[in-house]
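Chemist: could you look at this predicted model? Sequence included:
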Amino acid sequence: MDQPAQLYDFSTAHFLSPISEFMNDDTVSEVMINGPDEVYVERGGRLERTDVAFEDADALYAAVRNIAQYVGKRLTPENISIEARLPDGSRVHIVQSPAARKGICVAIRKFSKSKLDVNGLIRGGSLTEEAAEFLSVAVGSARNIIVSGGTGSGKTTLLNCLSAMIPDGERIIVLEDSSELQLQKEHVVPFEVTPPDRYGRGGINMRGLFRASLRMRPDRIIVGECRGGEALDMIQAMNSGHGGSMSTAHANSPLDALARLEVMSLMGDIEMPLTALRTQISAAIDLVVQITRFHSGERRITHISEVGSLTSGGDYATRDIFVLKTESDGQDIQRHLLPTGNVPSFADEVRSEGLLDDIRHSQEVWGQ
């Protein structure tokens with residue numbers, strides 16, 4: 001670690017000392033500061049109020065100013081809300097008054113010190129060996145995949161795990177608003193949105209990064225999260241030969257995820273008939289993997305769905321390959337991710353490439 005990074009690490013630890021016990025607690029996944037004397041944490045998907053507090057509002061303000069400085073951002077009346085990160089990689093979102101009526105509000109999504117892999121998802125019940133093998137074949141055959149889910153459902157963790165399935169030797173370009181992904185591959189080129197300085201000079205937004213990445217000889221482009229008009233750039237890239245791209249989207253179902261991509265594409269101020277846009281989206285996206293956080297705190301994949309052609313009415317169509325089934329005996333709830341019997345349309349293609357030669361768990365999924 002270089003000297004400036006060490007200095008920021010030391011100063012950030014000092015300013016955030018009231019919550020240090022939670023930042024060092026591996027069972028805590030998120031720390032939420034609703035004001036200097038109101039701090040919540042998330043453990044196992046459940047929220048708990050703590051009894052810790054900052055000395056006063058000025059102490060909390062000093063802490064968030066230090067965090068913003070670390071990533072070259074400024075808290076000003078013009079910048080009410082900013083995203084940042086801590087030296088350890090944890091993601092921070094800050095909202096200040098007057099938008100935050102209680103004063104400065106902070107949410108810290110902690111950086112995991114242990115890299116969760118697919119086997120960890122299987123052990124935790126989020127995924128089955130059969131579904132994991134299916135996704136491995138899909139990623140290996142360069143299918144375009146959207147990971148869909150609500151806030152805190154585990155989209156980023158799942159995207160990290162899917163990235164480990166990318167074949168070695170490929171060049172992966174990662175685009176993010178604030179760096180958070182921990183791709184488990186060797187040849188990774190991370191790009192991050194950079195705001196302009198106080199005079200409006202410099203800086204680059206997500207759309208600018210995406211266009212630049214297309215000239216950087218990517219084998220795969222991974223967008224941490226689609227939030228706006230860059231969705232259209234991603235869709236067009238997927239349709240122009242950049243297979244195997246992945247991203248996440250906030251949505252509650254595979255169909256909602258496609259609708260969400262549509263809305264974000266329209267945010268790019270395009271002049272395109274709606275049917276044409278939907279045709280591009282349905283042609284670009286191969287699979288939507290839906291992940292959900294339940295009230296119990298469990299995070300489970302609920303759908304792995306293939307995106308088909310538009311219906312005769314011009315609507316999106318999906319075919320579920322895996323669906324989460326829930327059973328209850330009145331006391332315990334059991335959830336099982338099971339194949340539906342639908343064979344993906346690209347089964348013959350991956351079979352001809354020899355990608356099904358070594359599968360052990362999902363022969364029926366591929367129609368074998």
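Modeler: Sure, I can see it.
Chemist: ok, so what distance separates residue 161 from residue 138?
Modeler: Going from residue 161 to residue 138 by C-beta to C-beta, to the nearest Å gives 13 Å. (C-beta placed from N, C-alpha, C; glycine too.)
Chemist: next: residue 127.
Modeler: Distance from residue 127 to residue 138, by C-beta to C-beta: 13 Å.
Chemist: ok, residue 158 next?
Modeler: 13 Å.
Chemist: and what of residue 203?
Modeler: Counting by C-beta to C-beta - residue 203 and residue 138 are separated by 36 Å.
Chemist: the two: who's more crowded?
Modeler: residue 138 (25 against 12; other C-beta atoms under 10 Å).
Chemist: show residues contacting stretch 192-201.
Modeler: With C-beta atoms under 8 Å, 6 or more residues apart in numbering as the test, stretch 192-201 has contacts from 72-74, 175-179, 202-206, 209.
Chemist: over to stretch 360-368?
Modeler: Residues contacting stretch 360-368 (C-beta under 8 Å, 6+ apart): 129-131, 133-134, 137, 321-322, 339, 341, 343-344, 347, 350-351, 356, 359.
Chemist: how far away from the center of its chain is it?
Modeler: 28 Å (C-alpha atoms, centre = their mean, to the nearest Å).
Chemist: same deal with stretch 38-48?
Modeler: With C-alpha atoms, centre = their mean, you get 21 Å for stretch 38-48.
Chemist: list the buried residues of it.
Modeler: 38-39, 41-42, 45 (16 or more other C-beta atoms under 10 Å).
Chemist: and for stretch 213-228?
Modeler: For stretch 213-228, by 16+ other C-beta under 10 Å, it's 213, 218-226.
Chemist: pick out the most distant pair among the contacts of stretch 192-201.
Modeler: Farthest pair in the contacts of stretch 192-201 (C-beta to C-beta) is 74 and 175. Separation: 22.9 Å.
Chemist: ok, the two, which is more surrounded?
Modeler: It is residue 175, of residue 74 and residue 175, that has more neighbours when counted by other C-beta under 10 Å, with 28 against 13.
Chemist: return the closest of the contacts of stretch 192-201 with respect to residue 107.
Modeler: residue 178 (12.3 Å).
Chemist: list the contacts of the closest one.
Modeler: 71, 83-85, 91, 192-193.
Chemist: all helices of this structure, in order?
Modeler: Ranges of helices within the chain are 3-15, 20-23, 57-70, 118-123, 129-140, 155-163, 206-213, 230-238, 254-266, 274-284, 347-352, based on DSSP state H.
Chemist: make CSV from the ones you listed and add mean pLDDT and distance to residue 294 to it.
Modeler: Listed next are the helices of the chain as CSV, based on pLDDT from 0 to 100; distance: least, C-beta to C-beta, whole Å:
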stretch, mean pLDDT, distance to residue 294
helix 3-15, 71, 34
helix 20-23, 90, 23
helix 57-70, 87, 32
helix 118-123, 89, 15
helix 129-140, 95, 17
helix 155-163, 91, 15
helix 206-213, 88, 31
helix 230-238, 88, 28
helix 254-266, 94, 18
helix 274-284, 94, 29
helix 347-352, 94, 31
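Chemist: now tabulate these in a markdown table and tack on distance to residue 305.
Modeler: Listed next are these as a markdown table, based on distance: least, C-beta to C-beta, whole Å:
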| stretch | distance to residue 305 |
| --- | --- |
| helix 3-15 | 41 |
| helix 20-23 | 37 |
| helix 57-70 | 38 |
| helix 118-123 | 18 |
| helix 129-140 | 12 |
| helix 155-163 | 15 |
| helix 206-213 | 25 |
| helix 230-238 | 17 |
| helix 254-266 | 4 |
| helix 274-284 | 12 |
| helix 347-352 | 15 |
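Chemist: for those helices, which one sits closest to residue 110?
Modeler: Comparing these by C-beta to C-beta, helix 20-23 comes nearest, at 6.9 Å.
Chemist: how far off centre is the closest one?
Modeler: Taking mean C-alpha positions (C-alpha atoms, centre = their mean), helix 20-23 and its chain are 24 Å apart.
Chemist: please parse the protein into its domains.
Modeler: Domain assignment for the chain, taken from automatic domain parsing, gives 3-109, 118-366.
Chemist: least confident of these, on average?
Modeler: Note on the domains of the chain: domain 3-109 shows the lowest mean pLDDT, a mean of 86.
Chemist: work out which residue lies at the spatial centre of the protein.
Modeler: residue 156 (3.3 Å; C-alpha atoms, centre = their mean).
Chemist: need the contact list for that one.
Modeler: 180-181, 224, 248.
Chemist: let's have the residues you listed in JSON lines, adding distance to residue 326.
Modeler: Converted to JSON lines, those look like this (distance: C-beta to C-beta, whole Å):
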{"residue": "180", "distance to residue 326": "31"}
{"residue": "181", "distance to residue 326": "31"}
{"residue": "224", "distance to residue 326": "30"}
{"residue": "248", "distance to residue 326": "24"}
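Chemist: for those residues, which one is nearest residue 187?
Modeler: residue 181 (14.5 Å).
Chemist: distance from the chain centre to stretch 355-366, please.
Modeler: The answer for stretch 355-366 is 28 Å, by C-alpha atoms, centre = their mean.
Chemist: in it, what's buried?
Modeler: Buried residues in stretch 355-366, counted by 16+ other C-beta under 10 Å: 355-356, 359, 362, 365-366.
Chemist: likewise stretch 83-103?
Modeler: Neighbour-count burial for stretch 83-103 [16+ other C-beta under 10 Å]: 83-87, 89-92, 94, 96, 100, 103.
Chemist: if we can go back for a sec, report the buried members of the contacts of stretch 192-201.
Modeler: By 16+ other C-beta under 10 Å, the contacts of stretch 192-201 give 73, 175-179, 206, 209 as buried.
Chemist: good, we can wrap up now.
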